[in-house]
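Asker: A structural model of the following input is requested.
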Amino acid sequence: MDDRKGDVQQVDRDTWTDSEEAGAGPVVDTHELFQLRTAAEEKRELRAAELERQRHFMRMQVRVMLGVGLVFLVTLVTLVLGLWLHLMPQGVAEELMRMVIPTVLGAGLTITGMFFRGGGGSRP
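Answerer: Sure thing, here's the model as predicted:
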């Protein structure tokens, strides 16, 4: 008896035929199929990692923007209340305004520009 078990025939790439479909295409090797599936899975994993990196970058930008907005709001409230209730001299309010407002607005505009530049897709 040869290497065959019972009625089961050994089938390889050269002996395989598809009697149900006339003119069937070439046989796809299982190793090729495995490599294609592995490559597709790797691409999906890389894309998922890239999307997560972009989401993280955008979350960090939002947090920084909220912090900048909070500093601006606190400075504005301090100026208004300090001058309205006569708790600080006008010279101190002017210096506070000259130091904080341009810096906070510049930081806010820079972060806003990054939002529109790439939607978080640009490298930090």
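
Asker: what residue ranges in the protein score low on pLDDT?
Answerer: 1-29, 118-124 (pLDDT under 70).

Asker: Can you tell me the centre-most residue of it?
Answerer: In the chain, the centroid-proximal residue (CA atoms, centre = their mean) is Gln54; its distance is 2.0 Å.

Asker: Can you name every helix or strand that the longest helix along the chain contacts?
Answerer: Using DSSP state H, we find that the single longest helix of the chain is helix 30-84. Identification of packing neighbours for helix 30-84 by 3 or more CB pairs under 8 Å, 6 or more residues apart in numbering; DSSP states H and E yields helix 90-118. Yep, even glycine has a C-beta here, placed from its N, CA and C like the rest.

Asker: List the buried residues of the helix it packs on.
Answerer: Within helix 90-118, the residues that count as buried by 16 or more other CB atoms under 10 Å are Ala93, Val100, Val104, Ala107, Gly108, Ile111, Met114.
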